[in-house]
Structure formats: C-alpha cells, structure tokens
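Novice: heads up, no residue letters with this:
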C-alpha cells in the first residue's frame, strides 16, 4: 500500500516508517522538522516538508493517492497543555480534524492515529484495559480523546476506517542504529537519565519517593518504540483486511519503578546517575500499567523488545556518542 506519514521524521514516526518499508509499503513523509530530523528518513521515502495543517502541504502528499495515512504529528507535553491549551487546540484538535476531513474527501480508506494512554486519566483499576473509563486529567489527553471521537464519526459517515493506538511510555531506539536523530525537547524519564549518563546534564529530579509502591517511586509501563512501530503496521493491515475500526492499548504489561530504571541505566552505561528527590507532581498516579490483551488477540501483536534492559541498551548505544 501507499502510505502518508505525518511526523514521519520524528521519534515514533521514523521508527514506523522503517517498519512500513520493511513490510513492503511505499511511504510519503510529511514533517516540518520542528522536532524531527531529516537524517531519520531512509532512502526510498518521498519527503514533503511543511506543516500538516497547511493545505498545500497535505494536498501535495494526498496527490500521491495513498491508501492510508498515519498521523503522528502533534504536541504532546501534558504539563504545557494545561498552561497553553489554545496551542494544543489549534495543533492537536483543529489541525487533526482538518486532516481527517481532507483524507476522507480524498478517498483515503485507512487512518492510523497515534493516541495515548492519557485519555484514561487517573486509573480506576489496574492493569488498564480498553474498557477503562476515559476521563483525561490534562488537556493533552482530552485532545487525543477528541480526535478518536471524530475518527469514529468519520468511519460511520464516510467509511474511512481507523486504528487508534493508545501508548503508555514509549522508550528505546532502533536496535540496529538506523535512527540517529535524538528526540528533541523531551521531558520523559529515560531520555533525561541518558543525558546524565552521557554527561549532558548534571542530574535529574525524582518526583515523589513516598508512593505506595515497592520502593516509593512511581511505577510506569515502558514499551519499546520498535514494538510500537510493529503495532502500527499490524493495525493498518487489520483495518484494511477486516474493514473494521480498532482501538488498542500498547504497553509491555511490566511495571517498573523510577529507581529500578535508574539502577538498570547505571548497570548498562557504567555511569552513576545523579538525582535529587523532589515533591510529588500533581496528577502523577502511583502506578500505570497496561493490559495489551486486545492488541495481542486482534492484531497478533507482542511487546518483543520491551524489557527494561533492552530498552535502555538501545538508548545508550545512541546517547553515549553525544558527548
């Protein structure tokens, strides 16, 4: 199939582009390179530079008559979304809705959406499955939920089938070293830990050490980006084959604490990870762990590379060269 990928030079997008090419698909990437890197794009990929919200840019991509569109381009900082909701409304909601409308009008049959576990909000039970109530506690999560709801309507009214993939904590890098551009301006734990190990920053902050967990720090579900990429290809194949929509969680189902991840990073890198303890952050639940049973059953997906050591080793292979 011919596939357009918005945000295809970015972190998850670039890994998915590799997976699509390996599966034999033709790929067209749309990216304004505000957070992505052109060096992440392999040979054989047509590149349309610019913002996906711009008519001329997306029309240039859609002129390739794609069978499907993968939508990764979005703002994703939960804290920032609470301070600047207007910016997130413009990019994540209005921009995405305009993209959905253009795809439907152009006859795109399949739409694969990069969603988030942020749609769930505070966990009411663990592990979190797809039946869990969706009550976002930040505006970022609301934007993802809003796009999912619009996709559901366009599927019913225009026949454009969709897959919404709700990530938990994306981490890691291509184990073969094909992705060389590091994610920009990320505030996630593991990239910050890697920066300390590489000597780029002096230390990190650990927010909250008094949670009711095995060592007092938050538990999170980390999933390797290569596993995420494979899930996107499987989701495309499912919607195209079955002509059905699908919403699935993507997680390892393995919960790791902050201190456990720091310890493994020290073992892998051979470096001491300096940290300071700080107060809990508002809205940080003690534990977030996914149930990925539905993705396994519907898509045949599995988290093959999402153990903590494999994730951190794949990151350190890239970060240790950044000094």
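Specialist: Noted; the coordinates are in hand. Small disclaimer: the values here were computed from a predicted structure and weren't measured. Numbers count the residues shown, from 1 in each chain.
Novice: touching, residue 165 and residue 231? I think so.
Specialist: Yes - counting by CB atoms under 8 Å, residue 231 is a contact partner of residue 165 at 5.9 Å. (C-beta placed from N, C-alpha, C; glycine too.)
Novice: okay, those two: which has more neighbours?
Specialist: Comparing residue 165 with residue 231 by other CB atoms under 10 Å, the one with more neighbours is residue 231, at 27 against 24.
Novice: that one looks like it's in a helix, true?
Specialist: Yes - judged by DSSP: H, G, I helix; E, B strand; the rest coil, residue 231 forms part of a helix.
Novice: check contacts around it.
Specialist: Shown in contact with residue 231 (CB atoms under 8 Å, 6 or more residues apart in numbering): 165, 248, 250, 295, 299, 301.
Novice: likewise residue 306?
Specialist: 172, 222, 223, 224, 227, 252, 254.
Novice: on that earlier part again, closest one of the contacts of residue 231 to residue 19?
Specialist: Nearest to residue 19, judged by CB to CB, of the contacts of residue 231 is residue 301 at 11.9 Å.
Novice: quick one: contacts for residue 276?
Specialist: Residue 276 neighbours (CB under 8 Å, 6+ apart): 203, 204, 205, 206.
Novice: name the residues that touch the helix or strand of the chain with the lowest mean pLDDT?
Specialist: Here the helix or strand of the chain ranked lowest by mean pLDDT, DSSP states H and E is helix 78-83, holding a mean of 90. For helix 78-83, contacts defined as CB under 8 Å, 6+ apart pick out 75, 87, 88, 118, 138, 139, 140, 141, 143, 187, 283.
Novice: and what of stretch 21-37?
Specialist: By CB under 8 Å, 6+ apart, stretch 21-37 touches 1-11, 13-14, 17, 20, 41-42, 44-52, 57-58, 61, 64, 66, 73, 180-185, 233, 236.
Novice: which of the contacts of residue 231 sits closest to residue 213?
Specialist: Looking across these and measuring by CB to CB, the closest to residue 213 is residue 250, at 22.6 Å.
Novice: and stretch 246-260, how far out from the chain middle?
Specialist: 12 Å (CA atoms, centre = their mean, to the nearest Å).
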